[in-house]
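Engineer: how would this look folded up:
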Amino acid sequence: MSYDELLRTGRIRREQISRAERDLSTARKVMASDWDWGFAIAYNAVLQASRAYMFSQGFRPASVEGHKNTFAFMRQALGKDYDDLISYFDRMRSKRNRVIYDVAGIITETEARNLFSKAVEFVAMMGRQLPRKPNARGRNHG
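Structural biologist: I've put the predicted structure just below:
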């Protein structure tokens, strides 16, 4: 059975960066009217890109503290060169949690725009890191 047949019959599905790209597009639109939600959606783009990379490596986070575990994995997977960036995203995870569950209106325009900018770069980088679509013989294109 080919990859295309497995996809067509629903036996496998692609985990692509497209969810993260969709979130970036939505964040851009929402930020025009709400910094909190724009921030939360930009954060979600980072999370989706991280999860796509994690899945491509054969891992998934435990459901308890899933976001936190995802960034712990990314810190290990990407190494010291990206430690500052992953630490930043992990801090934004905590801030996003406060915005969603505790206190509305705490995100500034600068915070939202900074996260969005870093999210755009990160999603593009993760898109380059993900394996390419395999061909029918199980080999990667490219």
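Engineer: neighbours of Tyr82, just the number please.
Structural biologist: 16 (other CB atoms under 10 Å). Placement of C-beta: from N, CA and C, glycine included.
Engineer: looking at it, Asp83 is touching Ala77, isn't it?
Structural biologist: No: taking contacts as CB atoms under 8 Å, Asp83 lies outside contact range of Ala77: 11.5 Å.
Engineer: these two - which one has more neighbours?
Structural biologist: Applying other CB under 10 Å to Asp83 and Ala77 shows that Ala77 carries more neighbours, namely 15 against 12.
Engineer: please report the distance of the more buried one from Ile41.
Structural biologist: 24 Å (CB to CB, to the nearest Å).
Engineer: cool, Asp81 as well?
Structural biologist: 27 Å.
Engineer: the more surrounded of those two?
Structural biologist: Set side by side, Asp81 and Ile41 show more neighbours around Ile41, with 25 against 7, by other CB under 10 Å.
Engineer: could you list the low-pLDDT ranges of this structure?
Structural biologist: The model of the chain has pLDDT under 70 over residues 1, 3, 7, 12-16, 131-142.
Engineer: which stretches of it form helices?
Structural biologist: With DSSP state H, the ranges of helices along the chain come out as 3-8, 18-30, 35-56, 66-78, 83-101, 109-129.
Engineer: okay, the ones you listed, which one's buried deepest?
Structural biologist: helix 35-56 (a mean of 23; mean count of other CB atoms under 10 Å).
Engineer: mind giving me the packing neighbours of it?
Structural biologist: Contact here means 3 or more CB pairs under 8 Å, 6 or more residues apart in numbering; DSSP states H and E; on that basis helix 35-56 packs against helix 18-30, helix 66-78, helix 83-101, helix 109-129.
Engineer: tell me the angle of the last one relative to helix 35-56?
Structural biologist: Angle between the axes of helix 109-129 and helix 35-56 is 20 degrees (criterion: axes from the mean of the first three to the mean of the last three CA atoms, to 10 degrees).
Engineer: perfect, that will be all.
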